[in-house]
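Colleague: Provided below for reference: sequence and predicted model.
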Number of protein chains: 2
Amino acid sequence: MNASVPPSTGATLSYEQAGVNYDLIDPLKVAAQRAAAATAVNVAAHGFTEVQASRGESAYVVDVGPFYLASIVECLGTKTLVADEMKALTGKSFYAGIAQDTIAMAVNDLITVGATPLVVQAYWAAGGSDWFGDAQRAQALVEGWKKACDVCGVAWGGGETPALAGIVESGRIDLAASCTGIISPKSRLSVGDELAPGDAIVLLASSGIHANGLSLARKLTERLPQGYLTEVEPGLSYGEALLAPTVLYSPVTEALAKAGVTVHYSANITGHGWRKLLRHPSKMTYRIHTVPPVTPVLKFIQQHAQQDDREAYSTLNMGAGFALFVKAEDAERTAQIARDAGVPAWVAGRVEAGPKQVVIEPINVTFGEDDLALR
Amino acid sequence: MNASVPPSTGATLSYEQAGVNYDLIDPLKVAAQRAAAATAVNVAAHGFTEVQASRGESAYVVDVGPFYLASIVECLGTKTLVADEMKALTGKSFYAGIAQDTIAMAVNDLITVGATPLVVQAYWAAGGSDWFGDAQRAQALVEGWKKACDVCGVAWGGGETPALAGIVESGRIDLAASCTGIISPKSRLSVGDELAPGDAIVLLASSGIHANGLSLARKLTERLPQGYLTEVEPGLSYGEALLAPTVLYSPVTEALAKAGVTVHYSANITGHGWRKLLRHPSKMTYRIHTVPPVTPVLKFIQQHAQQDDREAYSTLNMGAGFALFVKAEDAERTAQIARDAGVPAWVAGRVEAGPKQVVIEPINVTFGEDDLALR
């Protein structure tokens, strides 16, 4: 079983066709996860304890006494290739948004365990010193990075700006961010032990493709009459629509904590699309009665890649960038707090006893246990 | 003034000739440092305080109440290119050592502020999924990573293994590590406020070139009769000598803490070689009376790159990978504790009132304030 590859049929453009082969990555991942798990004894030697349930979650958590410590490193992926192409086509620099995307990849994962992000470190590895010679682009990256830190309430601690000719391609940059946070009070820890049938599922809006599915999105330009300049809607090119920066969700989770709303579990909807709703290890059914409006660029991708709903929702976020699982009585309040923080939100479904599956009723699609193997 | 570029003369092979242009990187660094410094208010909003003196140090520190939190992300650099070349020439995989190098880059920087490293995250960005298809190499990377974590007493929390075709070159991998630690008790914080004239300088042995100066080292193969297979000493090729894994120094700093030795300041001797001894912001003179034996591969590089001592010590670690600044009466004990932890060490000099300079008496070389501009 290799469920990391989306189901693919006929003339649709799938992830494997777009050049990502999870078969080759997964054995390494399994070996690495096993070796990593065996290092838990090392924190124990310092008198601390790892939160074992965080293994397999989006961020790693250690109990350091007065609070939990959470940490993560995340890669942006290949979204810069779209920014570079659009710069060549339009003269505009999109690197302020790219900076936000990179921080979002780390912060939106870190908050799933209940953490308040505190410090972000920048990892900007260029193909050569000359990358940094484009002052407009470099300035956009710096300003966008700082702005995203301010939105998330994190300190930008520092980082690395190596020039890696021979490893990173000339003219390109490999962007990543690490993030450290704390979970305080400790009751904010959300690694899934509180999730239960009866809980509500609240979905938070995405701004577009975010930073997952870009290999597919880039490949798709080959099929478009004007490539990245093809219009998604009047006045909005495909390239520009793809480059809408990823929503930063930590203002929502911080507002929820301040309001005293307990989050039972969270899922950052990134790669694997809505199959990420199956992330929790338990066998439960996630029944969705309301799907958010699909962001125009995602509708456009689905249409031009000739994907049916099953394929599209298994790969892309389809309008929902983050899922919060809360007590049923907190559902409406949770959605309202998100909206007050500027993020559209919907009470979209509920958790039920039953087989492990997500049932998306409005589009008649079900993903079962075999459709996601993340652990 | 751009002192980041080593002084270069005549037919010597300098860093600039090896393709690293700091002129282009530095303006971005300055802009980034300024923007980052302005985000300190964000941790203040959470009721915490940044340790301002850690700005400009090797790791960023936040006061979170019961202890300090330190974090960092560090890149390996281009040492993998040597490993790849040596694999082609000898069939041997050197990726276990490469893993240790990567962790050393992060851990050896994190400990300079007095932190106990707790969690490491892996960042392994390959040029394509096929990188992970070489099972022997992937396995070596995993095993070396785990072993280095065990040596440093850190938990391997997780990480990222993206396939970045179009950004990372095909067949290559961009390796980095993030590390989070705590400084506890808080008296272990060493960001330099305790450094004073009269303190002793203890140098810890390097194992070779470590992971800095590799651009130069790679460029040098063009001048060698058999390239990487040229012998540094009988039975030891240049390539293999370069690939000696970086020493992990956290067992030494942890042993010092356990023994109750207060470290006033530390410097990880990486890029900029011995000019790193000038890292502390104050104006003081660092007088070195004893230089460690020069590791054979570094002597070989100096000789074949036709560098004088001034150039060599301004670029390479020349046998000393880490410097500890301690009270004079703790000097011998510090060196002995390091040796007991398996790392050769020398009481090598002292801190004096005077102009900002490092005076390396045995080789008659002095680096002044203008020779290092890191902040």
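Modeller: Here it is on my side, so go on.

Colleague: Outline the domain layout of chain A.
Modeller: A:39-188, A:200-371 (automatic domain parsing).

Colleague: Check the ones you listed for me and report the most buried one.
Modeller: Looking across the domains of chain A with neighbours counted as mean count of other C-beta atoms under 10 Å in any protein chain shown, the highest average goes to domain A:39-188: a mean of 23. Quick note: C-beta positions are derived from backbone N, CA and C, even for glycine.

Colleague: Residue A:99: helix or strand, and which one exactly?
Modeller: helix A:95-110 (DSSP states H and E).

Colleague: Between the domains of chain A, which one is closest to chain B.
Modeller: Proximity to chain B, assessed across these by C-beta to the nearest C-beta, is greatest for domain A:39-188 (3.1 Å).

Colleague: residue closest to the middle of chain A?
Modeller: Closest to where the C-alpha atoms of chain A average out (C-alpha atoms, centre = their mean) is residue A:270, at 3.7 Å.

Colleague: what about the residue lying closest to it once chain neighbours are set aside, which helix or strand?
Modeller: Computed as C-beta to C-beta, 6 or more residues apart in numbering or on different chains, the closest residue to residue A:270 that is not its neighbour in sequence is residue A:212, at 4.4 Å. According to DSSP H and E, residue A:212 maps onto no helix or strand at all.

Colleague: how far away is residue A:212 from residue A:82?
Modeller: 13 Å (C-beta to C-beta, to the nearest Å).

Colleague: got it, and residue A:64?
Modeller: 40 Å.

Colleague: What of residue A:173?
Modeller: 13 Å.

Colleague: Can you verify my assumption that the residue nearest to residue A:270 contacts residue A:317?
Modeller: Yes. Counting by C-beta atoms under 8 Å, residue A:317 is a contact partner of residue A:212 at 7.3 Å.

Colleague: so what sits against both of these two?
Modeller: Taking C-beta atoms under 8 Å, 6 or more residues apart in numbering or on different chains as the contact rule, residue A:212 and residue A:317 both touch residue A:270.

Colleague: Which parts of the stretch 51-200 of chain A are helices?
Modeller: A:79-90, A:95-110, A:135-152 (DSSP state H, counting those that start in this stretch).

Colleague: Over to the stretch 201-350 of chain A?
Modeller: Ranges of helices within the stretch 201-350 of chain A are A:214-220, A:238-242, A:250-258, A:296-304, A:309-315, A:331-340, based on DSSP H, counting those that start in this stretch.

Colleague: Can you name the residues that contact residue A:213?
Modeller: Residues near residue A:213 by C-beta under 8 Å, 6+ apart: A:271, A:273, A:301, A:315-317.

Colleague: cutoff 7 Å now
Modeller: A:315-316 (C-beta atoms under 7 Å, 6 or more residues apart in numbering or on different chains).

Colleague: quick one: the helix or strand bottoming out on mean pLDDT in chain A to chain centroid distance?
Modeller: The helix or strand of chain A with the poorest confidence is helix A:22-37; it has a mean of 84 (mean pLDDT, DSSP states H and E). From the chain centre to the centre of helix A:22-37 is a distance of 20 Å (C-alpha atoms, centre = their mean, to the nearest Å).

Colleague: Helix or strand next in line after it, which one?
Modeller: Next along from helix A:22-37, by DSSP H and E: helix A:40-44.

Colleague: Is stretch A:155-171 in proximity to chain B?
Modeller: Yes. If you take C-beta under 7 Å from any C-beta of the partner chain as the test, stretch A:155-171 does meet chain B, through A:155-169.

Colleague: next one: stretch A:110-130
Modeller: Yes. Contact of stretch A:110-130 with chain B (C-beta under 7 Å from any C-beta) involves A:116, A:118-119, A:121, A:123, A:125, A:129-130.

Colleague: first to last residue in that stretch, what's the distance?
Modeller: 33 Å (C-alpha to C-alpha, to the nearest Å).

Colleague: I'd like the distance from that stretch to the chain centre, please.
Modeller: With C-alpha atoms, centre = their mean, you get 13 Å for stretch A:110-130.

Colleague: related to what we said a few turns ago, closest to residue B:341 out of the helices of the stretch 51-200 of chain A?
Modeller: Nearest to residue B:341, of all those, is helix A:95-110, at 33.8 Å by C-beta to C-beta.

Colleague: the inter-axis angle of the closest one versus helix A:135-152?
Modeller: 30 degrees (axes from the mean of the first three to the mean of the last three C-alpha atoms, to 10 degrees).

Colleague: could you give the mean pLDDT of helix A:95-110?
Modeller: Helix A:95-110 shows a mean pLDDT of 98.

Colleague: Pull the distance from it to the chain's centre.
Modeller: That offset, for helix A:95-110, works out to 9 Å (C-alpha atoms, centre = their mean).

Colleague: Run through who's touching that helix.
Modeller: Here helix A:95-110 has contacts from A:58-59, A:70, A:72, A:74-76, A:79-80, A:83, A:117, A:120, A:137, A:140-141, A:143-145, A:148-149, A:152, A:175-179, A:181, A:211, A:243, A:245-250, A:268, A:322, using C-beta under 7 Å, 6+ apart.

Colleague: now stretch A:277-288
Modeller: Under the contact criterion C-beta under 7 Å, 6+ apart, stretch A:277-288 has outside partners A:192, A:195, A:197, A:201, A:265, A:267, A:323, A:348-361, A:367, A:372, A:374.
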